[in-house]
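J.: The amino acid sequence is not available; the structure is as follows:
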């Protein structure tokens, strides 16, 4: 049945990958999207181009996620750690989280 649907063009792994990446990338980081694609056992040749495209906007997406959730710089180290954990839990890399907090420092100066 599934093979027939795929041959008729009603099912497509490529469209599934595009849809999942589009839905998840607004809220989640590269690592989270990558993990979800792995759970669905998507072939590397289908997911790799989409993941490469996500890498380019990762810092901006992390900034927007931080801004939606917090919007104000952390008052102390405890709050900073909480905000960093939030971004890491969303699947953003440590490098991307650092970029968000560098941007915060730069905006305060």
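T.: Yep, it's here. None of these values were measured; they are calculated from a predicted model.
J.: From now on I want contacts and neighbour counts done on CA atoms only, so please keep to that.
T.: Fine.
J.: Distance check, residue 21 against residue 34.
T.: Shown here: residue 21 relative to residue 34, a distance of 9 Å by Cα to Cα, to the nearest Å.
J.: ok, those two, which is more surrounded?
T.: A count of neighbours by other Cα atoms under 10 Å puts residue 21 above the other of residue 21 and residue 34, at 21 against 17.
J.: What is the helix ranked longest in the chain packed up against?
T.: Secondary structure assigned by DSSP state H gives helix 94-108 as the longest helix of the chain. In terms of contacts (3 or more Cα pairs under 8 Å, 6 or more residues apart in numbering; DSSP states H and E), helix 94-108 is packed against helix 58-69, helix 77-89.
J.: Show me what the first one is in contact with.
T.: Outside helix 58-69, the residues within contact range by Cα atoms under 8 Å, 6 or more residues apart in numbering are 25-30, 83, 87, 92, 96-97, 99-100.
J.: Just the angle for that helix relative to helix 94-108, thanks.
T.: Per axes from the mean of the first three to the mean of the last three Cα atoms, to 10 degrees, the angle that helix 58-69 makes with helix 94-108 is 60 degrees.
J.: Flag every buried residue along helix 58-69.
T.: 58, 59, 61, 62, 63, 64, 65, 66 (16 or more other Cα atoms under 10 Å).
J.: quick check, nearest of those residues to residue 40?
T.: residue 58 (22.1 Å; Cα to Cα).
J.: mind checking how far the closest one is from residue 87?
T.: In terms of Cα to Cα, residue 58 sits 12 Å off from residue 87.
J.: do residue 12 as well
T.: Taken as Cα to Cα, the span from residue 12 to residue 87 is 32 Å.
J.: higher neighbour count, those two?
T.: Remark: of residue 12 and residue 87, residue 87 carries more neighbours, 24 against 12, as counted by other Cα under 10 Å.
J.: Quick check: chain neighbours aside, which residue is closest to that one?
T.: residue 97 (6.6 Å; Cα to Cα, 6 or more residues apart in numbering).
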